[in-house]
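Enquirer: okay, here's the prediction I keep looking at, along with the sequence it came from:
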Amino acid sequence: MSGQEEISARRPRVFSGSQPSGTLHLGNYLGAIRNYVAMQETHDCIYCVVDLHAITVRQVRADLRRNTIDVANAYLAAGVDPERSIVFIQSHVPAHTELMWILNTITYMGELRRMTQFKDKTAGAEGESIGVGLFDYPVLMAADILLYRADAVPVGEDQKQHVELTRDVAERFNHAFGKAFVVPDPIIRTEGGRVMSLDDPAKKMSKSAGSENSYIALMDAPDVIRRKIRRAVTDSGTEVRGGPEKPALTNLLDIYSILSGATIGEIERRYEGKGYADFKADLAEVVVEALAPIQTRIRELEADKSYTLEVLKTGAERAEAIAERTLAKVRERVGLVPRP
Ligand code: TRP
C-alpha cells in the first residue's frame with residue numbers, strides 16, 4: 001500500500017466513468033475502455049461505474065443491476081488492472097452525492113440550462129415533466145471528478161462541456177472558500193472517439209438508436225459480427241478508399257485501423273483493386289479476433305461472480321478514503337461543524 005501511495009504522489013491522476021445504461025458495444029470499447037487500459041501506463045487511474053447518473057433516466061431494476069456488473073466486468077476483461085487502478089461503483093461511495101449538494105449551492109441555474117446534453121435530452125418537453133436529476137446531472141459529474149482531485153478526465157467530445165463546467169465550479173469554490181479542489185483538464189478522445197453506427201454513419205454507434213444491426217455488442221458471437229459487418233451500409237463507388245464523401249467506409253476503415261494498428265493509408269493500399277466485400281470480410285475477422293479474448297474473460301468473470309464483487313468492494317474502500325479526505329476539507333472550508 002505504501003508503494004501505491006508513492007505512485008499516486010508522482011503520477012498525474014485520472015478519473016473517468018461510464019454509465020451502466022445498456023448493452024456495451026464496440027463503440028464503448030474503442031471510445032472509452034481501451035483508453036482506460038492504456039492510461040494505466042502513465043497515470044494513476046480511478047474508474048467508476050456511474051449508476052447514479054444512469055438513474056436520471058428511468059431504468060428497469062434487474063437490468064440496472066446486471067448492466068452495472070457488466071460494465072465492471074468489461075473494464076476488467078479489457079485490461080483494467082485492479083492492483084494498479086481503482087474500480088468501483090458510484091453509489092457505494094456516498095461522498096459523491098454529499099459533495100454534489102454542496103456544489104449545487106454554488107452552481108447557477110443558467111449554467112446548467114445551457115448544457116447541450118440537457119437541451120438535447122429535454123428538447124420539446126421543457127418544463128413540467130423533466131426530472132431534476134437530468135438538470136443536476138453535470139453537478140454530480142463535477143462531484144465525481146473533484147472528490148478525487150483528478151488532474152485529467154478522459155471523455156468523449158459530448159462530455160467536454162461538462163468538464164468545463166466542473167472547472168468553473170472548482171475555480172469558483174476555490175476562490176470563494178479557499179482552495180480545496182484541483183482544476184482538471186479534459187482529455188478529449190480523438191482516435192476511437194467517434195465510432196459511428198453501421199447503418200447510418202451520421203449517427204454515433206449506440207444501443208438505443210437504430211436497429212440491432214447498427215452496433216456490434218461486446219458479447220456478439222463471431223457469426224453475428226460477420227453478418228452485421230457484411231450488412232453495414234457502404235457508400236456508392238467500389239474502391240476501398242476513405243474520405244469525407246464516404247463516411248460509411250471511413251468509419252469501417254477507422255475501426256480496422258484502430259484494432260489492427262495499421263494506418264488508413266496502409267489498409268487502402270492493401271485493398272487496391274479489391275472490392276468492399278473482401279475488405280468487409282477481413283474487417284469482420286479483425287473484430288472477431290480483437291473481441292475474442294475479452295469475451296472469454298467476461299465469461300470467466302460471469303462464472304465466478306465473487307472476483308468482481310471483491311474488486312468492487314476494495315475499490316469502494318480505496319475510493320472512499322480519498323473522497324473523504326477531500327470532503328472533510330470542503331466541509332471545513334464551508335464552515336460545517338465537524339462531527340465530534
Ligand atoms: N457523463 C459521462 C458520460 O455519459 C459519464 C460520467 C459521469 C463521467 N461522471 C463522470 C465521465 C466523471 C468522466 C468523469 O459519458
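Expert: Everything's here; your move. Just so you know, these numbers come straight off a predicted model, no measurement behind them. Numbering: from 1, shown residues only.

Enquirer: contact residues of this protein facing the ligand?
Expert: 15, 16, 17, 19, 50, 53, 141, 144, 145, 153, 155, 159 (C-beta under 6 Å from any ligand atom). From N, CA and C alone the C-beta is placed, and that goes for glycine too.

Enquirer: which one of the residues you listed is nearest to residue 173?
Expert: residue 145 (12.7 Å; C-beta to C-beta).

Enquirer: could you say what helices and strands the strand or helix carrying residue 327 packs with?
Expert: Residue 327 is located in helix 305-334, with elements delineated by DSSP states H and E. With contacts defined as 3 or more C-beta pairs under 8 Å, 6 or more residues apart in numbering; DSSP states H and E, helix 305-334 has these neighbours: strand 44-49, helix 61-78, strand 86-89, helix 95-104, helix 132-147, helix 160-177.

Enquirer: could these go into a markdown table alongside mean neighbour count and mean pLDDT?
Expert: A markdown table is the format used below for the helices and strands packed on helix 305-334 (neighbours: other C-beta atoms under 10 Å; pLDDT from 0 to 100):
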| stretch | mean neighbour count | mean pLDDT |
| --- | --- | --- |
| strand 44-49 | 26 | 98 |
| helix 61-78 | 19 | 98 |
| strand 86-89 | 24 | 98 |
| helix 95-104 | 19 | 98 |
| helix 132-147 | 22 | 97 |
| helix 160-177 | 18 | 98 |
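
Enquirer: next, format these as JSON lines and append distance to residue 287.
Expert: Listed next are the helices and strands packed on helix 305-334 as JSON lines, based on distance: least, C-beta to C-beta, whole Å:
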{"stretch": "strand 44-49", "distance to residue 287": "24"}
{"stretch": "helix 61-78", "distance to residue 287": "14"}
{"stretch": "strand 86-89", "distance to residue 287": "25"}
{"stretch": "helix 95-104", "distance to residue 287": "35"}
{"stretch": "helix 132-147", "distance to residue 287": "31"}
{"stretch": "helix 160-177", "distance to residue 287": "28"}
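
Enquirer: please enumerate the strands of the stretch 151-300 of the chain.
Expert: Along the stretch 151-300 of the chain, the segments classed as strands by DSSP state E, counting those that start in this stretch run 152-155, 185-188.

Enquirer: need the winner for burial among the ones you listed.
Expert: When the strands of the stretch 151-300 of the chain are scored by mean count of other C-beta atoms under 10 Å, the highest mean neighbour count falls to strand 152-155 (a mean of 23).

Enquirer: and the contacts of that one?
Expert: By C-beta atoms under 8 Å, 6 or more residues apart in numbering, the surrounding residues in contact with strand 152-155 are 12-16, 32, 35-36, 39, 43, 145, 162-163, 166, 184-189.

Enquirer: got it, and stretch 245-255?
Expert: Outside stretch 245-255, the residues touching it (C-beta under 8 Å, 6+ apart) are 26, 30, 192, 195-196, 198, 201-202, 229, 232-235, 237, 240-244, 264, 267-268, 276, 279-280, 283, 286-287.

Enquirer: pLDDT-wise, which helix or strand of the chain ranks last?
Expert: helix 2-10 (a mean of 53; mean pLDDT, DSSP states H and E).

Enquirer: which secondary structure elements does the helix or strand following it contact?
Expert: Remark: after helix 2-10, the chain's next helix or strand is strand 13-18, criterion DSSP H and E. Judged by 3+ C-beta pairs under 8 Å, 6+ apart, strand 13-18 is in contact with strand 44-49, helix 132-147, strand 152-155.

Enquirer: wait, which of the strands of the stretch 151-300 of the chain is closest to residue 208?
Expert: Across the strands of the stretch 151-300 of the chain, residue 208 has its closest neighbour in strand 152-155 (18.9 Å, C-beta to C-beta).

Enquirer: restricting to C-alpha, output that closest one in PDB.
Expert: Taking C-alpha atoms only, strand 152-155 is exported to PDB below (Å, rounded to 0.1, in the frame of the first residue of the first chain):
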ATOM      1  CA  ALA A 152      -7.300  14.800 -16.100                       C
ATOM      2  CA  VAL A 153     -10.600  13.500 -17.300                       C
ATOM      3  CA  PRO A 154     -10.700  11.300 -20.400                       C
ATOM      4  CA  VAL A 155     -14.100  11.800 -22.100                       C
END
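
Enquirer: distance between it and the chain's centre?
Expert: 9 Å (C-alpha atoms, centre = their mean, to the nearest Å).

Enquirer: likewise stretch 81-99?
Expert: Here the centre of stretch 81-99 is set off from its chain's centre by 15 Å, with C-alpha atoms, centre = their mean.

Enquirer: how far does that stretch stretch from start to finish?
Expert: Stretch 81-99 has an end-to-end distance of 28 Å (C-alpha to C-alpha, to the nearest Å).

Enquirer: hmm, who's touching it?
Expert: With contact meaning C-beta under 8 Å, 6+ apart, stretch 81-99 is reached by 17, 36, 40, 44-53, 68, 72, 75-76, 80, 140, 143-144, 146-147, 311-312, 314-316, 318-320, 323-324, 326-327, 330.
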